[in-house]
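Enquirer: Provide a 3D model corresponding to the input given below.
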Amino acid sequence: MATTSQMAKSRRKPKFSSRIVRRCWRCGRKRGFMRDFGICRICFRELANRGELPGVTKSSW
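Expert: Okay, here's the model as predicted:
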């Protein structure tokens, strides 16, 4: 879980566009972020397993 100061720092407009930090809206994690959903890989898995993400199903092969 990210601290509140880290979250506030990432919300500010960066000096350069390459310094943008995208964070998960649920837990604040910055690594493993999935842009399509706006959440990290861990939260994605939790929500997908519960069936709370529409159109996402568990794959099997």
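Enquirer: Which secondary structure elements does the lowest-mean-pLDDT helix or strand in the chain sit against?
Expert: Counting by mean pLDDT, DSSP states H and E, the chain has its least confident helix or strand at helix 4-11, which shows a mean of 89. With contacts defined as 3 or more CB pairs under 8 Å, 6 or more residues apart in numbering; DSSP states H and E, helix 4-11 has no packing partner among the helices and strands. C-betas here are computed from N, CA, C, even on glycine.
Enquirer: Export only the CA atoms of it, formatted as PDB.
Expert: As requested, the backbone C-alpha atoms of helix 4-11 are provided in PDB (Å, rounded to 0.1, in the frame of the first residue of the first chain):
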ATOM      1  CA  THR A   4      -0.500   9.200   1.300                       C
ATOM      2  CA  SER A   5       2.600  11.400   0.500                       C
ATOM      3  CA  GLN A   6       3.600   9.100  -2.400                       C
ATOM      4  CA  MET A   7       0.000   9.200  -3.700                       C
ATOM      5  CA  ALA A   8       0.000  13.100  -3.500                       C
ATOM      6  CA  LYS A   9       3.300  13.300  -5.300                       C
ATOM      7  CA  SER A  10       2.200  11.100  -8.200                       C
ATOM      8  CA  ARG A  11      -1.000  13.200  -8.600                       C
END
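Enquirer: Pairing partners for the next helix or strand after that helix, with directions?
Expert: The C-terminal neighbour of helix 4-11 among helices and strands, as given by DSSP states H and E, is strand 33-34. Here the strand partners of strand 33-34, with direction, are listed using DSSP bridges: strand 39-40 (antiparallel).
Enquirer: which other residues reach the strand it pairs with?
Expert: Contacts of strand 39-40 from elsewhere in the structure, counted by CB atoms under 8 Å, 6 or more residues apart in numbering, are 24-27, 29, 31-34, 47.
Enquirer: pLDDT of it, averaged?
Expert: Averaging the model's pLDDT scores along strand 39-40 yields 96.
Enquirer: That strand: what's the following helix or strand?
Expert: Sequence order places helix 41-50 as the next helix or strand after strand 39-40, per DSSP H and E.
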